[in-house]
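**Q** Quick one, what's the 3D model for this:
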Amino acid sequence: MTRLLINCGDKQLGLGSPPDEGRATVSHPDTHDREPELAASEDSRARRTIDETDQDEQAKRDLLRRVADGDLGAWAELWGTVARGVHAFIGRRLRKAADDPVTQGMAMEVMDRILTMARSFQGRSKVDTWVFGIANNVVRESFKESERSSSLPDEGVAAPPSIDDFPLPPDEFEELLGDLMSSLTEPRRVAMSREVEFGSRAQARQGMSPQEAATHRQNVSRARKDMVERVNAEEKFVRLRAWLT
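**A** Numbering: from 1, shown residues only. From the prediction side, this is the model:
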């Protein structure tokens, strides 16, 4: 750009000067002085958040390691940190409330699996990710079980024998069976009790939605497996083997 210089006494005025030339610049020394301080504060907050997240994850891993060693107190404590999220996750997948009985039943299944699968955790993901993976599998299995149940006629599903068909005296049988079932988790014990009460799987599922029926069937299947293991391990239950098989 061509500049035109005009003499005005002791000064020269330049027309066509670059826009910033000669323009006053306002400086805010306080702001400039505080920039390093503000940046340091933000970095400190970020580091603190990361540290807290790492500490939380490490605490959960420590609990899970204790669960793998059979510490039931650690199991309950770990469940307390994830239970709310698991209920909410299952409820969303099922489109049911978090406190719905079906949601709660599946959440209890997740809780059981945390105990039985704790040794399989290899640390490649966060504990929460691992737990929600278990929850997702429980829901998927329930959907598949629901599809299979709806395609099978009730006549093709084996029902537990009636108490009347069992050779033990009813009182003795009920006492022995009650003792055997006492070690089951609440959802499995409720489901198995319903099977025994109705004497027919079809009647036990009467009034249930397909999803509820699938959950019930899943709980019964796992209850029977748990009971068989205990019958094989404890001699006093040997007379119940025929009923279970």
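**Q** Show me the strands in the chain, by range?
**A** Ranges of strands within the chain are 4-8, 11-15, based on DSSP state E.
**Q** Outline the domain layout of the protein.
**A** 44-151, 158-244 (automatic domain parsing).
**Q** Quick one: these as CSV, columns for mean neighbour count and mean pLDDT too.
**A** All C-beta spots, glycine's among them, are computed from the backbone N, C-alpha and C. Listed next are these as CSV, based on neighbours: other Cβ atoms under 10 Å; pLDDT from 0 to 100:
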stretch, mean neighbour count, mean pLDDT
domain 44-151, 16, 85
domain 158-244, 16, 76
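**Q** Look up how far V220 lies from R239.
**A** Here R239 is placed at a distance of 21 Å from V220 (Cβ to Cβ, to the nearest Å).
**Q** And E235, by the same measure?
**A** From E235 to V220 the distance is 25 Å (Cβ to Cβ).
**Q** Also A59?
**A** Using Cβ to Cβ, which is the criterion applied here, A59 is 36 Å from V220.
**Q** repeat for F237
**A** Separation of F237 from V220 (Cβ to Cβ) stands at 18 Å.
**Q** Okay, helices next: where are they in this structure?
**A** 29-68, 72-94, 101-117, 127-151, 170-181, 186-198, 201-204, 210-233, 241-244 (DSSP state H).
**Q** Counting by contacts, list what the second one packs against.
**A** In terms of contacts (3 or more Cβ pairs under 8 Å, 6 or more residues apart in numbering; DSSP states H and E), helix 72-94 is packed against helix 29-68, helix 101-117, helix 127-151.
**Q** got the angle between the second one and helix 72-94?
**A** With axes from the mean of the first three to the mean of the last three Cα atoms, to 10 degrees as the basis, helix 101-117 and helix 72-94 are set at 140 degrees to each other.
**Q** by how many degrees do helix 101-117 and helix 127-151 diverge?
**A** Using the same axes, to 10 degrees, helix 101-117 lies at 120 degrees relative to helix 127-151.
**Q** Need the residues that contact helix 101-117.
**A** Outside helix 101-117, the residues that touch it by Cβ atoms under 8 Å, 6 or more residues apart in numbering are 64, 67, 72, 75, 78-79, 83, 86-87, 90-91, 94, 96-97, 131, 134-135, 138-139, 142, 185-187, 209, 211-212, 215, 218-219, 222.
**Q** Kindly export that helix (C-alpha atoms) in PDB.
**A** Taking C-alpha atoms only, helix 101-117 is exported to PDB below (Å, rounded to 0.1, in the frame of the first residue of the first chain):
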ATOM      1  CA  PRO A 101     -40.400 -58.100  40.700                       C
ATOM      2  CA  VAL A 102     -39.000 -59.300  37.400                       C
ATOM      3  CA  THR A 103     -36.300 -56.600  37.400                       C
ATOM      4  CA  GLN A 104     -35.400 -57.400  40.900                       C
ATOM      5  CA  GLY A 105     -35.300 -61.100  40.100                       C
ATOM      6  CA  MET A 106     -32.800 -60.500  37.300                       C
ATOM      7  CA  ALA A 107     -30.800 -58.100  39.400                       C
ATOM      8  CA  MET A 108     -30.400 -60.900  42.100                       C
ATOM      9  CA  GLU A 109     -29.200 -63.200  39.400                       C
ATOM     10  CA  VAL A 110     -26.600 -60.600  38.500                       C
ATOM     11  CA  MET A 111     -25.600 -60.400  42.100                       C
ATOM     12  CA  ASP A 112     -25.300 -64.200  42.300                       C
ATOM     13  CA  ARG A 113     -23.100 -64.300  39.200                       C
ATOM     14  CA  ILE A 114     -20.800 -61.600  40.600                       C
ATOM     15  CA  LEU A 115     -20.100 -64.100  43.400                       C
ATOM     16  CA  THR A 116     -19.600 -67.100  41.200                       C
ATOM     17  CA  MET A 117     -17.700 -65.400  38.500                       C
END
